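1. Coordinates only, no sequence provided:
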């Protein structure tokens, strides 16, 4: 049983015959502002861009309503963070697996110079895609102290993140950001595929043509910046049904308030404006552009940095299994090791303190008892002083659950003298334990401060 201030427990504030669960967790705080960071192709083509965008990571502004608060150890005080502490550092590992194919139809702006006679709506059949799983593999070790021994416990999020596919509104003229990072929980991510037409087209001088004028005719969705698909990685180098145009992809992942990118096309964005500056990743020469795409089994890691790490996730669930504490009720028996938990308190018992109105009020407690047992109390010479049976089936008070009391009287109602005593506690199945304890009986007196 434990106490609680919750009003549902009534006046006594005791929650009887219940189990209390507490949470012990540690937070790792990093310096600097939370931000999107680097990328690494662990397994797969190294010339595909994997890394951050120049879009600033979404953090909690002072004017925003914070998602949570710290409650300080005095009533009525709350500490509100000026920056989001829920978007801690992450190493988001993407593992690709076999997918399938599908047909993609989209619109493009047409260039009067190069697209004469073309239809602005183009179809690309049998576009291959890969499925993917995403996990935050970042972790740190915290200290845990149990019975005076310190050990290391890993802190991390050992599960796959859920993909959140969001609707694409037809009324938005231009998606400068998609999706809004605030729409996703910490255990969710969004992965959008943005199409680019004829991304390998060269200028008349033989250089790669990535000018703003050219880009507006290359972005799928007529340069709206909307994703063609969500939740899958689409393979580039697809030929249109007319055989005149190719479709390549730039993928943007939004997770933990940050934008990160996998860009085979090297077009660095959703639409004409770029999400990546040339200083972050210089534009490659035509001969150095990616030639192979990812395949099943490839692994990529995208990272964020700063903030705090280790908070329990939204909708975290904890399951506590409460079992029958009595081995006999479970079809078993008490062991001697379980009987070792029994204690005699107080030990030694000194009947000389001013809180005793009478030396005949003395009580010694046997705690952590089995539901049924026999308690035999002997003198140091082996004489039986008192024997009684403890059973919870007829206990008259909650204080007798797992405990029993001896009033220091012998079997013939004589008061025990000062001496060393030995108690033997035995269950009906034969499990036993012995406990030595001492009683000191004397006249009542006031104990001085120095004693």
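-> Arrived safely, thanks for sending. Nothing here was measured: the structure is a model prediction, and the numbers come from that model.
2. how near is the nearest residue to residue 139 once chain neighbours are set aside to residue 137?
-> With sequence-adjacent residues excluded and distances taken as CB to CB, 6 or more residues apart in numbering, residue 139 is closest to residue 156, at 3.2 Å. The way it works is simple: take the backbone N, C-alpha and C, and place the C-beta from them, glycine included. Distance, residue 156 to residue 137, by CB to CB, to the nearest Å: 7 Å.
3. Please enumerate the strands of the stretch 201-350 of the chain.
-> Counting by DSSP state E, counting those that start in this stretch, the stretch 201-350 of the chain has these strands, from start to end: 229-230, 233-234, 238-239, 246-255, 258-263, 299-309, 343-345, 349-351.
4. out of the ones you listed, nearest to residue 92?
-> The minimum distance between residue 92 and the strands of the stretch 201-350 of the chain falls on strand 299-309, with 4.9 Å, by CB to CB.
5. So which bits of that closest one are buried?
-> Residues of strand 299-309 classed as buried: 300, 301, 302, 303, 304, 305, 306, 307, 308, 309 (neighbour count, 16 or more other CB atoms under 10 Å).
6. name the helices or strands packed onto the longest helix seen in the chain?
-> In the chain, assigned by DSSP state H, the helix with the most residues is helix 212-218. If you count contacts as 3 or more CB pairs under 8 Å, 6 or more residues apart in numbering; DSSP states H and E, helix 212-218 packs onto strand 188-197.
7. and the strand it packs on with strand 258-263, angle?
-> Using axes from the mean of the first three to the mean of the last three CA atoms, to 10 degrees, the direction of strand 188-197 lies 40 degrees away from that of strand 258-263.
8. ok now strand 188-197, how far from the chain's centre?
-> 27 Å (CA atoms, centre = their mean, to the nearest Å).
9. What of stretch 243-255?
-> 33 Å.
10. quick one, helices of the protein?
-> Under DSSP H, the chain gives helices at 212-218, 336-339.
11. quick one: buried residues of the first one?
-> Read it as helix 212-218. By 16+ other CB under 10 Å, the buried positions in helix 212-218 come out as 214, 215, 217, 218.
12. Quick check: buried residues in stretch 43-54?
-> Along stretch 43-54, these residues count as buried under the neighbour rule (16+ other CB under 10 Å): 44, 48, 49, 50, 51, 52, 53.
13. Next one: the second one from residue 293, what distance?
-> Okay, so that is residue 48. According to CB to CB, residue 48 stands 7 Å off from residue 293.
14. Ok, residue 338 next?
-> Following CB to CB, the distance that separates residue 338 from residue 293 is 62 Å.
15. Comparing those two, which residue is more hemmed in?
-> Shown here are residue 338 and residue 293; by other CB atoms under 10 Å, residue 293 has more neighbours (19 against 15).
16. Just to check, that one is in contact with residue 264?
-> Yes. Between residue 293 and residue 264 there is a contact under CB atoms under 8 Å: 5.6 Å.
17. hey, least reliable of the helices of the chain by pLDDT?
-> For those, mean pLDDT drops lowest on helix 336-339, to a mean of 82.
18. longest strand of this structure?
-> Scanning the chain for the strand with the most residues, using DSSP state E, yields strand 90-107.
19. Now do that strand: which elements does it pack against?
-> Using 3+ CB pairs under 8 Å, 6+ apart, the elements in contact with strand 90-107 are strand 121-136, strand 188-197, strand 233-234, strand 246-255, strand 299-309.
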